[in-house]
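The following comprises the amino acid sequence and a computationally predicted model.
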Amino acid sequence: MSAEVLGAAAWAAASHEGQRAPAGDWRTWVFLGGRGAGKTRAGAEWVWATACALGAGGRIALVAPTLHDARAVMVEGPSGVLNLPFRSGAVFEPSLRRVRFPGGALGLLFSAEEPERLRGPQFHAAWGDEVCAWGRGEEVLAMLRLGLRLEWPVRASDSLVGRGPSAPSGTSRPDAAWASPHPGAQAASDRVASGSAPQLVLTSTPKPGRLMRGVLGEVGCVRTDAGTRANAANLAPGFLAAMEDLYGGTRRAAQELEGKLLEAEGALFRHEDIERARAWGESYVGPCERVVVAVDPPAGTLSGRPRDACGIVAAGRLGDRFVVLEDRTAAGLSPEGWADRVRRTAEAHKAAKVVVEANQGGAMCEAVLKACGLTVPVRRVHASLGKAARAEPVAALYEQGRVAHLPGPGPGLEALEEELMGLGSEGAGGGSPDRADALVWAITELMRPRRRPGVWVL
């Protein structure tokens with residue numbers, strides 16, 4: 001077995017879930033993790049396998065906060081591309097700011113302090129490390145993406161990291177998982193054989209800001225997360241316990257150890273309020289007295305070419321409290337596609353009403369919902385106030401501890417919670433907060449006093 005195949009197999013056996021790229025076609029993979037969660041190793045392994053798959057002529061951008069970081073962390077660091085187990089033969093050429101991989105692919109080093117250096121070069125793939133620390137992040141990311149324009153070449157033969165022999169004994173993952181350059185995704189040889197669009201990997205400890213929230217809201221972006229504890233086997237004994245003693249329960253621990261993206265300065269929804277909503281959700285016993293499903297239709301609905309995600313959130317009322325039941329937001333769906341998703345969500349939660357924001361073609365949205373078989377009443381609402389102004393009464397409920405977030409499978413309500421913590425801050429907008437908008441509409445509807453039957457005396 002060759003060293004490269006051994007390297008891929010060893011990585012598949014050693015990596016945790018957050019370090020593996022999700023399956024499917026994606027343009028951007030974001031890995032947010034706490035300190036020591038294995039972000040650099042994940043990025044370096046992805047670069048190595050991608051370089052082997054591309055071969056001669058392959059060009060991969062390596063972007064760090066500074067040029068020193070690119071060399072000291074991404075290239076020569078303990079988890080950098082030159083120091084990975086079973087990965088040998090790469091040569092660093094510091095005067096040319098590049099790494100030459102076996103087979104001829106090049107890794108080209110760039111600093112986020114110099115976005116203009118990304119004007120001109122072109123790449124098949126890119127890895128950006130500690131993106132939340134990029135001083136000129138939005139400009140750098142724009143220049144980098146404009147250079148990600150080389151399609152993967154068509155090759156008939158399998159690469160070293162494509163289809164290969166069965167997984168080594170002792171590993172439980174299927175061949176596709178350990179042999180792929182992006183474990184959990186399609187094999188590199190499959191991508192090379194058919195041609196493929198460029199891909200971008202971004203690794204970072206999370207930090208509130210417009211850049212990261214904008215990227216996470218894009219169609220074509222996938223995400224994995226891991227706290228420091230996920231990589232405990234590779235950390236010094238006692239490190240986690242010491243950090244918990246020092247910072248446990250603080251915002252610093254949530255961001256730096258748990259890898260959570262917290263609220264930005266000036267945001268309406270605070271991290272402690274979201275945590276309280278989660279805690280109540282863990283002990284919630286239903287059912288709700290009344291459930292509604294709120295829909296924030298994507299921009300472009302009228303043209304049939306939606307550009308944003310369709311926000312879909314189910315929420316209920318229990319006395320003077322409110323429960324966020326499920327976030328069913330989805331991107332890239334046709335009007336018929338998201339309408340059917342709304343119908344199924346309403347049926348699953350026995351919703352009494354569906355609320356639709358009418359600013360994106362409310363009449364047409366209602367017609368599409370009815371055409372897909374929705375039987376519950378639809379109420380159209382119009383946004384006459386700004387997002388922050390509409391959200392203030394709902395944020396007050398969170399501050400009073402009157403909202404619960406139900407835990408769900410997978411990431412659950414995490415993406416929704418992060419959008420909430422970006423509302424009300426000029427510096428953390430980044431993209432359309434479709435999930436948060438839908439939640440605000442849902443709870444606002446549940447806050448309205450219900451009409452009670454009465455008797456008129458004539």
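All right, it came through fine. Residues are numbered from 1 along each chain as shown.

By mean pLDDT, which helix or strand of this structure comes out lowest?
Lowest mean confidence among the helices and strands of the chain (mean pLDDT, DSSP states H and E): helix 175-179, at a mean of 31.

A helix includes residue 202, no?
No: using DSSP: H, G, I helix; E, B strand; the rest coil, the assignment for residue 202 is strand, not a helix.

what is it paired to in the beta sheet?
Taking DSSP bridges as the rule, residue 202 bridges to residue 30, residue 128.

do you know how far it is from residue 117?
18 Å (C-beta to C-beta, to the nearest Å). C-beta coordinates here come from the backbone N, C-alpha and C atoms, glycine included.

Neighbour count: the two, which is higher?
residue 202 (28 against 17; other C-beta atoms under 10 Å).

what's the burial count for residue 73?
21.

which ones are touching it?
Counting by C-beta atoms under 8 Å, 6 or more residues apart in numbering, residue 73 touches 40, 64, 80, 129.

is it true that residue 443 touches residue 394?
Yes: in this structure residue 443 lies within contact range of residue 394 using C-beta atoms under 8 Å: 4.9 Å.

what do those two both touch?
residue 403.

where in the chain is pLDDT low?
Scanning the chain for pLDDT under 70 picks out 1-3, 154-195, 263-266, 300-307, 360-362, 409-411, 425-431, 451-458.

middle-most residue in it, spatially?
Centroid check for the chain by C-alpha atoms, centre = their mean gives residue 223 as the closest residue, at 3.4 Å.

Could you say which helix or strand holds it?
Following DSSP states H and E, one finds residue 223 within strand 221-226.

Each with direction, which strands does that strand pair with?
Strand 221-226 pairs in its sheet with strand 28-33 (parallel), by DSSP bridges.

packing partners for the very next helix or strand once past the strand it pairs with?
Tracing the chain past strand 28-33, the next element assigned as helix or strand by DSSP H and E is helix 39-54. Helix 39-54 sits against helix 3-14, strand 28-33, strand 59-64, strand 125-129, helix 188-194, strand 199-204, with contacts defined as 3 or more C-beta pairs under 8 Å, 6 or more residues apart in numbering; DSSP states H and E.

which other residues reach the following helix or strand past the third one?
Scanning forward in sequence from strand 59-64 by DSSP H and E, the next helix or strand is helix 67-69. Applying C-beta under 8 Å, 6+ apart, the set of residues contacting helix 67-69 from outside is 97, 109-111, 113-114, 129-130.

got those as TSV, with secondary structure and distance to residue 340 columns?
Shown next, in TSV, are the contacts of helix 67-69 (DSSP: H, G, I helix; E, B strand; the rest coil; distance: C-beta to C-beta, whole Å):
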residue	secondary structure	distance to residue 340
97	coil	51
109	strand	47
110	strand	44
111	strand	47
113	coil	48
114	coil	48
129	strand	40
130	coil	40
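
That concludes my questions; thank you for your assistance.
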